[in-house]
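Asks: Sequence plus the predicted model coming up.
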Amino acid sequence: TIANFFPVGECNGSHGLYRPGGSALNAGQVGSIRAAEMIHYRLTNSSNKSQDEFSKPIKEKIEEILTYYQNLTDDKKPLNLKGEREFIQNRMSETLGIVRSPEKIEKAILLNKQMQNQRKLFGIKDTSQLVPFLKNLDLLLTERAFLETTQFLLNRIKGGRNSYLIGELDSFFSKENDVLQFSSDQSIPDESLDDKAVQYTYTKEEKHEVSTVPVRMI
């Protein structure tokens, strides 16, 4: 929906359950270069649209965002950005690690909503805090996307997917000797959605929509 806009790196799905790190990182770097070359080619060789037509909607959005940022220092109580970041990081570690609890994820989504609404009432002390302010905003949006898609998945699969277990950590330890043990449904990965990709959409109305789309066949 956006001309000359390419997802690169992890967000384009080149990483995955059976393709972590390594070659996927290289694919992201190569993909970034190829995307930049394609954008440059289109802007300099397009006979249909001028560069001004491509950049006009972007400039309008940037002006809107800049106006919002300039007002962040106007008599607003400054956010505790360091504390906010640590809170987000701890919550992510707690809910989206190798053991994932549906109850904790649901609670984390509610807390994320509250944090995003509350921070609209706060500002920053001065412009030196703008970058950490934006980083935390990005973390909250990213966390919400991961939480929503994980909740969507957990409602549709049984057991884990090789990369994590579902439940509470304590439930996987035997009371006699603290040895990790789990039932057969957890040890056998659920492959029912292997032919689907989970698609997350964040709309202009700030709605979070999750669905599945068929995987493109090789």
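Replies: All right, it came through fine. Numbers count the residues shown, from 1 in each chain.

Asks: ranges for the strands of the protein?
Replies: 99-100, 165-166, 196-202, 208-214 (DSSP state E).

Asks: Can you flag the weakest of those by average pLDDT?
Replies: The minimum mean pLDDT among the strands of the chain belongs to strand 165-166 (a mean of 82).

Asks: Direction included, what does that strand pair up with?
Replies: strand 99-100 (parallel) (DSSP bridges).

Asks: Gly13 versus Glu191, what's the distance?
Replies: 18 Å (CB to CB, to the nearest Å). The C-beta positions use only the backbone N, C-alpha and C, and glycine is treated the same way.

Asks: now Glu106
Replies: For Glu106 relative to Gly13 (CB to CB), the value is 25 Å.

Asks: Hmm, Leu130 and Ile124 touching each other?
Replies: Yes. If you go by CB atoms under 8 Å, Ile124 and Leu130 touch, sitting 6.3 Å apart.

Asks: now the helices for this structure?
Replies: For the chain, the helices defined by DSSP state H cover 23-45, 51-70, 81-95, 102-118, 130-154, 184-187.

Asks: quick one: which of Glu191 and Gly13 has more around it?
Replies: For Glu191 and Gly13, the more surrounded residue by other CB atoms under 10 Å is Gly13, and the numbers stand at 14 against 11.

Asks: which residues touch the closest residue to the more buried one other than its chain neighbours?
Replies: Nearest non-adjacent residue to Gly13, counting by CB to CB, 6 or more residues apart in numbering: Ala197, 6.4 Å away. Contacts for Ala197 (CB atoms under 8 Å, 6 or more residues apart in numbering) come out as Gly13, Thr212, Val213, Pro214, Val215.

Asks: what's the answer for Phe152, then?
Replies: Val198, Val210.

Asks: what's the answer for Lys76, then?
Replies: Contacts of Lys76 (CB under 8 Å, 6+ apart): Leu121, Phe122, Gly123, Ile124.

Asks: Now His208: closest residue in space, sequence neighbours ignored.
Replies: Glu148 (5.0 Å).

Asks: got TSV for the contacts of Ala197, with distance to Arg42 too?
Replies: Listed next are the contacts of Ala197 as TSV, based on distance: CB to CB, whole Å:
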residue	distance to Arg42
Gly13	23
Thr212	31
Val213	26
Pro214	28
Val215	28
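
Asks: just curious, which of those residues is nearest to Gly22?
Replies: Proximity to Gly22 was ranked across those by CB to CB; first place goes to Gly13, at 15.8 Å.

Asks: ok, Leu111 touching Glu94?
Replies: No. Using CB under 8 Å, Leu111 is not in contact with Glu94, being 10.8 Å away.

Asks: circling back: now for Ile124 and Leu130: what residues contact both?
Replies: Contacts common to Ile124 and Leu130, judged by CB under 8 Å, 6+ apart, are Leu72.

Asks: Looking only at neighbour counts, state which of those two leads.
Replies: More crowded of Ile124 and Leu130, by other CB under 10 Å: Ile124, with 20 against 14.

Asks: residues contacting the more buried one?
Replies: Applying CB under 8 Å, 6+ apart, the residues near Ile124 are Leu72, Thr73, Lys76, Pro78, Leu79, Leu81, Leu130, Phe133.

Asks: contacting residues around the fourth one?
Replies: It stands for Pro78. Phe122, Gly123, Ile124, Lys125, Gln129.

Asks: Likewise for the second one?
Replies: Residues touching Thr73, when contacts are defined by CB under 8 Å, 6+ apart, comprise Gly123, Ile124, Lys125, Asp126, Thr127.

Asks: Much appreciated, bye for now.
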